[in-house]
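Trainee: need a 3D model of the following:
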Amino acid sequence: MKKRFAMLLIAVLLVLSACGGGGQSASSSSGASSAGDGSQKEVQVPVTTPFTLAIYPEFSLHPALAANRSNLTLAPLLYESLFAVDASFQAQPVLCRSDTVSEDKLVWTFTLQRGVTFSDGTPLTGQTVADALNLARSERGRYRERLSDVAAITVPEEEPDQIVITLSRPNGSLPLLLDIPIALGEGDRPAGTGPYMLSGNDDNLTLTARPNWWRKEGTLPVPVIYLHAVSRSDELIYAFDAGEISLVDVDLMATNAMGYGGNYQTWGYAATDFLYLGFNTQSALCRAAQTRQAIALAVDRDTIAATIYANHAVPTLLPVHPDSDLYSQGAASAFPRYDPETLAARMEELRLQDQALVFLVNSENTAKGSAAQLIAYQLQAAGFAVELRQLPFDEYTAALAAREFDLYLGETVFTADFDLSTLLSSYGALNYGGWWHEQSDGLLNALRAASPEERAGAADQLFGLLGEQMPIVPILFKNGSVLTQWGRLSGLSPVRGNVFYQLENWIIK
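Mentor: Next up, the predicted model:
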């Protein structure tokens, strides 16, 4: 058994090595460069252009309506939100001065900062914020799913600098969902309250520092940020490789991820893109929690994160990011870790030898396909008969909906409060495996409704149940990546949704 497993593992790692892991190997936030041939080179590139970012002029810049990634990257320079979510997934107030919540966690009142204006001079009021958030949760808005539990957003007549958000379900951590940029109106280039404002025309656009910005004046690293107009992704790649663009925000492990060359630094940041192994808990084989726990022993999450995802991911034992205060080492210790020897013993104990498993994965993402192959090889080495079906996305989702599987490799993006209801509740749209436990919905709702002081305890109770039942096997959280020209920038501390977080600490050469 051990010899067979070792030979299969060596074979799959050779395949993965030949594939290159689906992307360039680059540094984390330490800032080492990654050359186009994969070697590390510390070459100082002469500065030929000022600090410049990409823009797609023909697409909208509205932070609640736009879909273009490069344009959305610019949003934190132009717009601010009620709260920012930091690297530890904690809400930090920005446009909000204070907040209160009702005892049932259904009614939140937010008081705004004083003296804030948009770049056109319009004052920030409760009504302008309410209008912006209502647009964000409308059918056209990018945040309609995130704000789906919002029943109403109103402005008290006696307090025009407040907004009141009424929810249909209790949420004790609503501020974590309110890092939504506030824009004035619905135009393609609306005014914002941020440190910069858009100037010029399509042929010569710039971001100019606002002289009347309400926050710390004089702390911005540059007074002007130049914008390089592009219309296609290949133009963006060429401009960055040529040094004409100083910074890009990318998902290096995305489906059809664009490839960048030249000398650049990579600044990784924690994201909420979650990779997991799911079970059909209604099938004969995976109905038993003991079987699911045994299969979890075959998931080598460290190798998947380091080799297949080229360290652009963080392995996790829990369905929350390890950087979150919800992540508990005590709770994690109850979850099965990769252990082929224990798996072999459990196979014998549970009489799982030669049992057939149908394993689904979306074929359109190289990294996910390679991860599924590695897991399948490890299960086969243990004695399962695994049929790995690599399907195009439409066929993959259809097979999930029809429950034509025993296992599947899934990916979802959580909100910053790590609400697991969509994935694990009895009514969850992503609960493809049909898992249910008499305590599960109550524990999920309790975590969602918990106050910041109560969340850790509520999370531990939920994780205790998940460790026993193993409805899914957490594998990793993907990282986002900021690529910058070698030696041009320092002091970056990007976070999910804002690569310019703590911009006042940047040094631009």
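Trainee: distance from the chain centre to stretch 273-286, please.
Mentor: Its chain's average C-alpha position is 21 Å from that of stretch 273-286, according to Cα atoms, centre = their mean, to the nearest Å.
Trainee: so for stretch 463-474, mean pLDDT?
Mentor: Throughout stretch 463-474, pLDDT has a mean value of 97.
Trainee: buried sites along that stretch?
Mentor: Under the neighbour-count criterion of 16 or more other Cβ atoms under 10 Å, stretch 463-474 has 463-467, 469-474 buried. In short, each C-beta sits where N, CA and C put it, glycine included.
Trainee: which residues touch residue 430?
Mentor: Applying Cβ atoms under 8 Å, 6 or more residues apart in numbering, one finds that residue 430 lies in contact with 410, 412, 422-423.
Trainee: of those residues, select the buried ones using a ChimeraX command.
Mentor: The ChimeraX command for the buried members of the contacts of residue 430 (criterion: 16+ other Cβ under 10 Å) is given here:
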select :410,422,423
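Trainee: which ones among the contacts of residue 430 map onto helices?
Mentor: Using DSSP state H, 422-423 are the members of those that sit in helices.
Trainee: pull the most distant pair out of the contacts of residue 430.
Mentor: The most widely separated members of these, counting by Cβ to Cβ, are 410 and 422 (11.6 Å).
Trainee: quick one, strands of the stretch 201-350 of the chain?
Mentor: Along the stretch 201-350 of the chain, counting by DSSP state E, counting those that start in this stretch, strands occupy 206-209, 224-229, 247-250, 264-279, 313-315.
Trainee: can you tell me the closest non-neighbouring residue to residue 289?
Mentor: residue 469 (5.1 Å; Cβ to Cβ, 6 or more residues apart in numbering).
Trainee: mind giving me the domain ranges of this protein?
Mentor: If you go by automatic domain parsing, the domain ranges for the chain are 2-21+269-479, 52-245.
Trainee: gap between the longest one and the chain center?
Mentor: What it means is domain 2-21+269-479. Domain 2-21+269-479 sits 17 Å away from the centroid of its parent chain (Cα atoms, centre = their mean).
Trainee: how far away is residue 275 from residue 178?
Mentor: Separation of residue 275 from residue 178 (Cβ to Cβ, to the nearest Å): 27 Å.
Trainee: more neighbours, these two?
Mentor: residue 178 (28 against 25; other Cβ atoms under 10 Å).
Trainee: my guess is that one contacts residue 80. True?
Mentor: No. Applying Cβ atoms under 8 Å as the test, residue 178 and residue 80 come out as separate, 11.4 Å apart.
Trainee: next structured bit after the helix or strand hosting residue 461?
Mentor: Using DSSP states H and E, residue 461 sits within helix 455-469. Using DSSP H and E, the helix or strand that follows helix 455-469 in sequence is strand 472-485.
Trainee: can you list contacts of the helix holding residue 461?
Mentor: If you take Cβ under 8 Å, 6+ apart as the criterion, helix 455-469 is touched by 172-173, 289, 292, 318-320, 325-326, 328, 330-332, 334-335, 420, 424, 435, 437, 439-440, 443-444, 446-447, 450, 472.
Trainee: next, count neighbours for the residue nearest to residue 489 when sequence neighbours are not counted.
Mentor: Spatial nearest neighbour of residue 489, excluding adjacent residues (Cβ to Cβ, 6+ apart): residue 508 at 5.7 Å. Using other Cβ under 10 Å, residue 508 has 18 neighbouring residues.
Trainee: likewise for residue 454?
Mentor: Neighbours of residue 454 using other Cβ under 10 Å come to 13.
Trainee: that one against residue 173, yeah?
Mentor: No. Using Cβ under 8 Å, residue 454 makes no contact with residue 173, being 10.1 Å away.
Trainee: lowest-confidence helix or strand of the chain?
Mentor: Scoring the helices and strands of the chain by mean pLDDT, DSSP states H and E places strand 33-34 at the bottom, with a mean of 33.
Trainee: check which helices and strands the very next helix or strand once past that one sits against.
Mentor: With elements assigned by DSSP H and E, the helix or strand that comes after strand 33-34 is strand 52-55. Judged by 3 or more Cβ pairs under 8 Å, 6 or more residues apart in numbering; DSSP states H and E, the packing partners of strand 52-55 are helix 69-78, strand 224-229, helix 233-241.
Trainee: try 10 Å this time
Mentor: Secondary-structure packing of strand 52-55 (3 or more Cβ pairs under 10 Å, 6 or more residues apart in numbering; DSSP states H and E): helix 69-78, strand 206-209, strand 224-229, helix 233-241, strand 247-250.
Trainee: with respect to residue 132, which of those lies nearest?
Mentor: Each of the helices and strands packed on strand 52-55 has some distance to residue 132 by Cβ to Cβ; the shortest is helix 69-78, at 12.5 Å.
Trainee: tell me the angle that closest one makes with strand 224-229.
Mentor: 160 degrees (axes from the mean of the first three to the mean of the last three Cα atoms, to 10 degrees).
Trainee: direction included, what does the helix or strand just after helix 69-78 pair up with?
Mentor: The element immediately downstream of helix 69-78 (helix or strand, assigned by DSSP H and E) is strand 83-85. Sheet pairing of strand 83-85 (DSSP bridges) gives strand 91-93 (antiparallel).
Trainee: report the distance from the partner strand to the chain centre.
Mentor: 18 Å.
Trainee: same thing with stretch 86-100?
Mentor: 19 Å.
Trainee: over to stretch 83-91?
Mentor: 13 Å.
Trainee: same question, stretch 264-278
Mentor: Centroid separation between stretch 264-278 and its chain, computed with Cα atoms, centre = their mean, is 7 Å.
Trainee: mind starting the numbering at 35 from now?
Mentor: Got it, the first residue is 35 from now on, which makes the last one we talked about stretch 298-312.
Trainee: got the CA coordinates for that stretch in PDB?
Mentor: C-alpha atoms of stretch 298-312 as PDB (Å, rounded to 0.1, in the frame of the first residue of the first chain):
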ATOM      1  CA  TYR A 298       8.200  42.800 -10.800                       C
ATOM      2  CA  GLN A 299       7.400  42.500  -7.100                       C
ATOM      3  CA  THR A 300       4.400  40.700  -5.800                       C
ATOM      4  CA  TRP A 301       2.500  41.800  -2.700                       C
ATOM      5  CA  GLY A 302       0.100  39.100  -1.600                       C
ATOM      6  CA  TYR A 303      -3.000  39.800   0.400                       C
ATOM      7  CA  ALA A 304      -5.600  37.700   2.100                       C
ATOM      8  CA  ALA A 305      -8.800  37.100   0.200                       C
ATOM      9  CA  THR A 306     -12.000  35.200   0.900                       C
ATOM     10  CA  ASP A 307     -11.900  32.800  -2.200                       C
ATOM     11  CA  PHE A 308     -12.400  29.400  -0.600                       C
ATOM     12  CA  LEU A 309     -11.500  26.000  -2.100                       C
ATOM     13  CA  TYR A 310     -13.100  22.900  -0.500                       C
ATOM     14  CA  LEU A 311     -14.000  19.300  -1.100                       C
ATOM     15  CA  GLY A 312     -17.700  18.700  -0.900                       C
END
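Trainee: what comes up buried for stretch 509-524?
Mentor: 509-523.
Trainee: sorry, that was for stretch 534-543
Mentor: Neighbour counts using 16+ other Cβ under 10 Å place 534-535, 537, 540, 542 of stretch 534-543 among the buried residues.
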